[in-house]
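Novice: Fold the following.
(one chain, ligands or ions: 2)
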Amino acid sequence: MLFERAKKIFPGGVNSPARALKHLPAPLVAQGAEGPYLYTDRGRLVDYCLAFGAVILGHGHPRVREAVEAQLRRGWIYALLTEQEVEFAERIRRHVPSVEKMRIVNTGTEATMNAVRLARGYTKRDVIIKFDGNFHGSHDYVLVKAGSGAATWGVPTSAGIPQDVVKLTVVVPYNDVEAFYKAVREVGERLAAVIVEPIAGNYGLIIPDRDFIKALREETERVGALLIFDEIITGFRVGLGGAQEHFGVRPDLTTLGKVIGGGFPIGVFGGRGDVMDLVAPSGPVYNAGTFNAHPVSVAAGLATLRELETGQPYKTANEAAEKIAKAVEDVAGRAGFDVVVKQIASMFQLYFKKGHVKTPQDVRESNERLYLKLHELAIKHGVYLTPSQYEVNFTSAAHTGDVVEETIAALERAFTELKSQIG
Ligand SMILES: Cc1ncc(COP(=O)(O)O)c(C=O)c1O
Ligand SMILES: N[C@H](C=O)CCC(=O)O
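Specialist: Numbers count the residues shown, from 1 in each chain. Ligands and ions are numbered 1, 2, ... in the order given. Next comes the predicted model:
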């Protein structure tokens, strides 16, 4: 069995913990992907994980494929400036005007690491505030009370990070304005930056209050710290302008990734021109990378942005998420479960609980065991939900009406079977 071989060569048998699926005897093995479907050793599945949000047009989109093939014909790496990366960056800036200047890197992890370093370099201060359950990638500054795979596997604060580094990251409850004010008072003049997922997609889906986001902007400005929006999930997903457009708030720095690479590795950190001018070679904050602005990722990203600009992908993907969110509450209710569904644009997550989901604590109070059971049964019925309570489901432009109907019917069968299993 492939997993046995994989376990002998990869820790836990996988190359990222989120792929390990702790509730199943073995992870799924991918064989291909097209449109809304994953082809796996468990058969064809409608995909709602979509590479943890990296895919928004659907798998194997023809425009992206053509752009990548055309790039391959021109060679695939130069380590020189290209016209294409300038066009790509200009397009990003047009839609996200707070990003006056940017650097294109390879992953979201690199983007947030550099954004934090830059904020420290700019303010000449050392402490950052992050929020409980937010995930900003796997580097030392932010792997403290993190969401995503770190929460799924019970290691929200990673071993191996020096205590002296952990001490510089103050963790505050998400979507709690009073706790935030208190933390800012306590940190005082050492506060370099506040980094936040403006809509949290790594602890299920948590949509914060507008007042919380406004408070982050006002307080950071008042104390001379920088506000970093980590839009690696929400950027170009909740709309061309991301969560900052949704809330009408302009952060000092923004990180992007996932969608803007069209399924290829990418990250961007950018923001205020005066701050970005501190990045080497124009300033003393160092960032570098052999693969930065990789031509294949940029080609795929540019093709993706062009498609998104037509508006049609958002219409289809958002309608699909809305319909599924409504249907899940209905079918779950008919099967006898209390389920809350949160949805915004093409993101949704469901929780086995009553009441609301506004904080990480609310997520912790939902029944994770039932979620994982449902996940397993949904696979049996042809649907791949996101594989953890601490992740989020995504839809794409390939999730058309018929695919949505197929999904709802499959989920109805999964909920009914779940009820019969647990009595
Ligand atoms: C909000 C957020 N920030 C940062 C990251 C890190 O991105 P990457 O996996 O590309 O390193 C992720 C996803 O992993 C993310 O969801
Ligand atoms: N939730 C993560 C990204 O958004 C999942 C990606 C990973 O950890 O492999």
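
Novice: Show me where the stretch 201-350 of the chain has its helices.
Specialist: Applying DSSP state H, counting those that start in this stretch to the stretch 201-350 of the chain gives helices spanning 210-223, 242-247, 273-276, 295-309, 312-335.

Novice: Adding mean neighbour count and mean pLDDT, write the ones you listed out as CSV.
Specialist: Where you see a C-beta, it was placed from the backbone N, CA and C, and this is true even at glycine. Converted to CSV, these look like this (neighbours: other Cβ atoms under 10 Å; pLDDT from 0 to 100):
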stretch, mean neighbour count, mean pLDDT
helix 210-223, 17, 98
helix 242-247, 22, 98
helix 273-276, 16, 98
helix 295-309, 22, 98
helix 312-335, 19, 97
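
Novice: pLDDT score assigned to the closest residue to Leu2 other than its chain neighbours?
Specialist: Of all residues not flanking Leu2 in the chain, Val29 sits nearest, at 5.6 Å (Cβ to Cβ, 6 or more residues apart in numbering). Model confidence at Val29, given as pLDDT, is 97.

Novice: Correct me if wrong: Val29 contacts Met1.
Specialist: No: look at Val29 against Met1 with Cβ atoms under 8 Å: they stay out of range, at 9.4 Å.

Novice: Let me know which of the helices of the stretch 201-350 of the chain is the nearest to ligand 2.
Specialist: helix 242-247 (14.4 Å; Cβ to the nearest ligand atom).

Novice: Report whether that closest one contacts ligand 1.
Specialist: No: Helix 242-247 lies apart from ligand 1 when judged by Cβ under 6 Å from any ligand atom; the minimum separation is 10.5 Å.

Novice: Just name whatever secondary elements that helix is in contact with.
Specialist: With contacts taken as 3 or more Cβ pairs under 8 Å, 6 or more residues apart in numbering; DSSP states H and E, helix 242-247 sits against helix 210-223, strand 226-230, strand 253-257.

Novice: returning to that earlier point: and Val29 and Met1? Which one has more around it.
Specialist: Val29 (13 against 10; other Cβ atoms under 10 Å).

Novice: Tell me which residues touch the more buried one, please.
Specialist: Leu2, Phe3, Thr40, Asp41 (Cβ atoms under 8 Å, 6 or more residues apart in numbering).

Novice: hmm, 10 Å instead?
Specialist: Met1, Leu2, Phe3, Ala6, Tyr39, Thr40, Asp41, Arg42 (Cβ atoms under 10 Å, 6 or more residues apart in numbering).

Novice: And the last one, what's its pLDDT?
Specialist: It refers to Arg42. pLDDT at Arg42 comes out at 96.

Novice: Test my guess that it contacts Tyr384.
Specialist: Yes: counting by Cβ atoms under 10 Å, Tyr384 is a contact partner of Arg42 at 8.5 Å.

Novice: Looking at the two, which one has more neighbours?
Specialist: Shown here are Arg42 and Tyr384; by other Cβ under 10 Å, Tyr384 has more neighbours (21 against 15).

Novice: The more buried one bridge partners, please.
Specialist: Asp47 (DSSP bridges).

Novice: Not counting residues beside it along the chain, what's closest to Phe247?
Specialist: Ile213 (4.7 Å).

Novice: now do Val171
Specialist: Nearest non-adjacent residue to Val171, counting by Cβ to Cβ, 6+ apart: Lys145, 4.4 Å away.

Novice: and that neighbour, that's in a helix?
Specialist: No: assigned with DSSP: H, G, I helix; E, B strand; the rest coil, Lys145 falls outside any helix and is coil.

Novice: OK, contacts around it?
Specialist: Taking Cβ under 10 Å, 6+ apart, one finds 130-135, 151, 156-157, 169, 171-174, 360 in contact with Lys145.

Novice: Quick check: phi and psi on it?
Specialist: Dihedral angles phi and psi of Lys145 (degrees, to the nearest 10) take the values phi 40, psi 50.

Novice: do the same with Ala89
Specialist: phi -70, psi -40.

Novice: Would you agree it is in contact with Ile104?
Specialist: Yes: using Cβ under 10 Å, Ala89 is in contact with Ile104, at 6.9 Å.

Novice: quick revisit: just checking, the residue nearest to Phe247 touches Gly248?
Specialist: Yes: the criterion here is Cβ under 10 Å, and Ile213 meets it with Gly248 at 9.0 Å.

Novice: Mind listing the shared neighbours of Val29 and Met1?
Specialist: Joint contacts of Val29 and Met1 (Cβ under 10 Å, 6+ apart) are Asp41.
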